[in-house]
Structures are given as structure tokens and as C-alpha cells.
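Chemist: can't give you the sequence, but here's the structure:
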């Protein structure tokens, strides 16, 4: 991309990134491609404490909270905006009510004024600035306010899981955001179809943009068919249901090794459950492990099957990572997960599965063509076509910058 085309600044709104070693770490994969299209990237996180995990000259972290000036007079000066937003949100039957909605709009107005102040001081305007909210929460509403005040600004938001579906969050001003933002970009077709069903009039503004992971190579080991190893990788929280993996392993009647990368509040419960497993079940709970070490393990060790028994996932980056190495997956068929686990990648199981039946599925997998080098080649090819960071993020960055 010629340097002369890189004249725009991207304001990237996040929860914590880049001020955390682990939170939103997957933005790392996207950042290098955004930097090829934008002159500068300004990160505006909800939590502005901590030390930056990145070190690029053309990036900045802005603690916008220090610049927010709360004034009730803004309720008067923005009365037309407030009425417009309230009317759009009134169509949400599960809305939080007038007072709640007024507070959310007022908060978004205060933050938008601070962002506008920063833009003015730095000579940023609609011709050289793009707004990008990584989540469909608070920041996307701030972007909607900024778009209302300056319709020529370009503003986009991704949408994932907790920030998208009404069962997780009922007060999202989704109609407002769809009305004012240039586009809302769910990370799964499931999310896109959900939004289009809810808001068909905004169909042209809603389109899927998959996340992606970098190509770190293929696991080309010649597997020992006398061994069978399953791996999982996630925080150990209730919704990740690591305990369900332990329940399933109880019913495996052949020697198997289970390795889990990740820690969390339910770790002790999982450890206690593992104590009751049969002797032929070998368990390695690795705890918190830096992502680059996890991926290096995927590349250099025999892994027959990856397990994800979570009760809620948007479209898991952990699955994108594992299939990039050609490793098959068994996962619960929830939200966007089936898009990453078709028949050519592995097996889907019901959310409320029977551990005995899933243990039988694992046994069947072990003895099937899916546990072969040939099948793993197909897994890798599927990743290449759908979740390669180079393709997905180049396309995404071009759309933001165009």
C-alpha cells in the first residue's frame, strides 16, 4: 500500500487493549494489518490502567476518562439527539426504561464531547478519521453520538457475543447504533443473521467479518497411533464447562492424555474432579500459559483432538488457532461455533450433551478416518480458506480505510 494513501487516523475503542498482557490479546493479529492502512492508531480503552503490550511509533493510548467534563447543560444542547435516540430505543421492548436510557445517552454524550475535543486539538476531522469500536457495548453508542453530530464521519463496530445477543445484554441501543453507524460487523454469520432478523431494515449495514489467526505452520508430526491426546484451552470459568470434559473422560475406556491450558476461578473444582478419574486417564493442567507457548506446543506435539465444551461462544479464536495447525475439533454447537467446525474439521455435540455419548464419540473419532494425516490436511485447508488472518484482516482494514 503506497505511503501516500495512509493519511487517515483510526480511533480504536477497546475494553483494555493494549494495556493488558492477556485481555483482548487477539487484537495483536489484527493490528499489523490496520497499521498498513492508517497513518496512526489511537487506542481508547475503557480501562486505561496498566502498561502497553505494543511498541509502535504510530500508535497512542488515550486515557479519555481524564478529559470527560460532565455537564447537565448537554442535555439541553443535545435535546434533538436525545429525542431521536429515545424514539429508536423505544422499539426495544426489553429496554431499561426512560431514566435508564437517559443516563446511558447522557454518558455517551459526555464521552463523545471529549473525543471531539481530542480530534479538534489534533486536527482530526471527517476526511482523515475513522471510528472503530471493537465491541458493540458503550463505545459503539459513543460512536453513534459522534456520527449524529457529524454524519460524514465513518464509524464501524464489531459485534461478538455478550455485546450482541439480547440474552446477555438487553439494553444495547442496537437500533440506534444500526441507524447511525456506517456498518455493524458481527464476527459470525450466526450474529449477522440474528441482527438481520431483528432489524431487517438495516440489512445492508450488517455483514460478517471473521476474525483470523496468523499462519505459524502445520503440525506435520507422524502420529503414534498407540497414543491419543486431547487438548483444551480456555479460562476455567463456569461457562467454559471444563468440568464437563472431566465428566466425559470418566467414560473413556482406553489410555488417553488430556492437556488443558488456562486458569481461573474453577481450577480447584476441576483438580478435585480429576482426582477421581481412572488411572488410564492422564491429566496435565498447565494453568496460565502465554499464548505463544501454547501455539508452539500445538506445532510441535501430537494432538489428536481439541475439545471445546463451552456453553457460550461467539466464534472462538481458540478453535481458529488449533485448526490452523491441522488439528481436528469437537465442540458444542452454539452460536457461531459450527461455522468453524463443519464435518471436514471435526464433530459437533449438543449443548446439553450426555457425557457417556460424547465419550463414545471420542472413541469413534479415535478409530475413524478423522484421526488420520489425510483428514488433518483438510482441517488446515479449511482454516486457510476461512480464518487466515492475512486474508481476513486485509479485507477488513481495506473496508475501514476506504
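Modeler: Arrived safely, thanks for sending. What you are looking at is a predicted structure, and each value in this text was computed from that prediction instead of being measured.

Chemist: Tell me the spacing between residue 71 and residue 65.
Modeler: 16 Å (Cβ to Cβ, to the nearest Å). The way it works is simple: take the backbone N, C-alpha and C, and place the C-beta from them, glycine included.

Chemist: and what of residue 183?
Modeler: Distance from residue 183 to residue 65, by Cβ to Cβ: 27 Å.

Chemist: Comparing these two, which residue is more hemmed in?
Modeler: Higher neighbour count among residue 183 and residue 65: residue 183, with 18 against 13, using other Cβ atoms under 10 Å.

Chemist: Is it correct that the more buried one is in contact with residue 207?
Modeler: Yes: using Cβ atoms under 8 Å, residue 183 is in contact with residue 207, at 6.6 Å.

Chemist: which residue is nearest the middle of the chain?
Modeler: In the chain, the centroid-proximal residue (Cα atoms, centre = their mean) is residue 160; its distance is 5.6 Å.

Chemist: That residue and residue 136 touch, don't they?
Modeler: Yes: Residue 160 lies in contact with residue 136 (Cβ under 8 Å); the separation is 7.1 Å.

Chemist: Now do the helices in this structure.
Modeler: For the chain, the helices defined by DSSP state H cover 27-34, 73-77, 79-89, 98-121, 138-149, 174-180, 189-198, 242-249, 267-274, 291-300, 317-324, 355-366, 373-386, 389-401.

Chemist: So what touches the first one?
Modeler: So the one you mean is helix 27-34. 10, 12, 14, 17-18, 41, 53-54, 134, 211-214, 389-390, 393-394, 396-397, 400 (Cβ atoms under 8 Å, 6 or more residues apart in numbering).

Chemist: got the angle for it vs helix 317-324?
Modeler: 70 degrees (axes from the mean of the first three to the mean of the last three Cα atoms, to 10 degrees).

Chemist: between helix 27-34 and helix 389-401, how many degrees?
Modeler: 60 degrees.

Chemist: Now helix 27-34: buried residues?
Modeler: By neighbour count on 16 or more other Cβ atoms under 10 Å, the buried set for helix 27-34 is 27, 29, 30, 31, 33, 34.

Chemist: nearest to residue 294, of those residues?
Modeler: When the buried residues of helix 27-34 are ranked by distance to residue 294 (Cβ to Cβ), residue 29 comes first, at 14.2 Å.

Chemist: Local confidence estimate at the closest one?
Modeler: Confidence at residue 29, expressed as pLDDT, is 91.

Chemist: in this protein, which helix or strand is least confident?
Modeler: Lowest by mean pLDDT, DSSP states H and E among the helices and strands of the chain is helix 73-77, with a mean of 88.

Chemist: Which strands and helices lie in contact with it?
Modeler: helix 98-121 (3 or more Cβ pairs under 8 Å, 6 or more residues apart in numbering; DSSP states H and E).

Chemist: now the helix it packs on: how far from the chain's centre is it?
Modeler: The chain centroid and the centroid of helix 98-121 are separated by 25 Å, computed with Cα atoms, centre = their mean, to the nearest Å.

Chemist: Ok, stretch 269-287 next?
Modeler: 29 Å.

Chemist: any residues touching it, and which ones?
Modeler: 236, 242-243, 246-247, 249-250, 252-263, 267.

Chemist: And that stretch, what's buried?
Modeler: Buried residues in stretch 269-287 (16+ other Cβ under 10 Å): 270, 273, 274, 277, 281, 283, 285.

Chemist: Quick one: end-to-end length of that stretch, please.
Modeler: 13 Å (Cα to Cα, to the nearest Å).
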